[in-house]
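[1] Need a 3D model of the following:
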Amino acid sequence: MARKTYTREFKLQAVQMLTDQKLSVAEVARKLGVSEGCLRAWKSAAQADGAGAFPGHGNATPGDDELRRLRAEVTRLKAERDLLKKAAAYFANPPS
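    Below is the predicted model:
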């Protein structure tokens, strides 16, 4: 089952229905055919990021870029650490 994606404009209009028209999350969810959890997440993202909310796939925020870079670095450093542990164990007890 493919994951449903929504455009930035659709998400902003849904949030606008919540804020401007003072409709409940359940009402807007029924009208638009989306889950209440999605609407709550969209509303909090819009409140947190304002105009920068929902950047899309090609427009990552600087924080997302840094997070991705740091996670890649952590993965690389863990691999190096594991290799050094194995080398230290090998040289501590060389095979006879």
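[2] from here on, contacts and neighbour counts on C-alpha atoms
    Noted.
[3] Helix or strand: which one has the residue nearest to the spatial centre of the chain?
    Residue closest to the average C-alpha location in the chain (CA atoms, centre = their mean): residue 64, at 8.2 Å. If you go by DSSP states H and E, residue 64 is part of helix 62-92.
[4] avg pLDDT for that helix?
    For helix 62-92, mean pLDDT is 93.
[5] and it, how far from the chain's centre?
    Centre-to-centre, helix 62-92 and its host chain are 22 Å apart (CA atoms, centre = their mean, to the nearest Å).
[6] so how many other residues sit close to residue 36?
    Neighbour count of residue 36, defined by other CA atoms under 10 Å: 16.
[7] same thing with the one 3 residues further on?
    The local packing count at residue 39 equals 20, with neighbours defined by other CA under 10 Å.
[8] For the one helix or strand it maps to, name the packing helices and strands.
    Per DSSP H and E: residue 39 is located in helix 36-49. Packing partners of helix 36-49 (3 or more CA pairs under 8 Å, 6 or more residues apart in numbering; DSSP states H and E): helix 8-19, helix 25-32.
[9] Dump the ones you listed to JSON lines, plus distance to residue 92, mean neighbour count and mean pLDDT.
    Output for those, formatted as JSON lines (distance: least, CA to CA, whole Å; neighbours: other CA atoms under 10 Å; pLDDT from 0 to 100):
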{"stretch": "helix 8-19", "distance to residue 92": "58", "mean neighbour count": "16", "mean pLDDT": "86"}
{"stretch": "helix 25-32", "distance to residue 92": "63", "mean neighbour count": "15", "mean pLDDT": "90"}
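[10] Next up, phi/psi of residue 4, please.
    Dihedral pair for residue 4: phi -80, psi 130, per degrees, to the nearest 10.
[11] Noted, bye for now.
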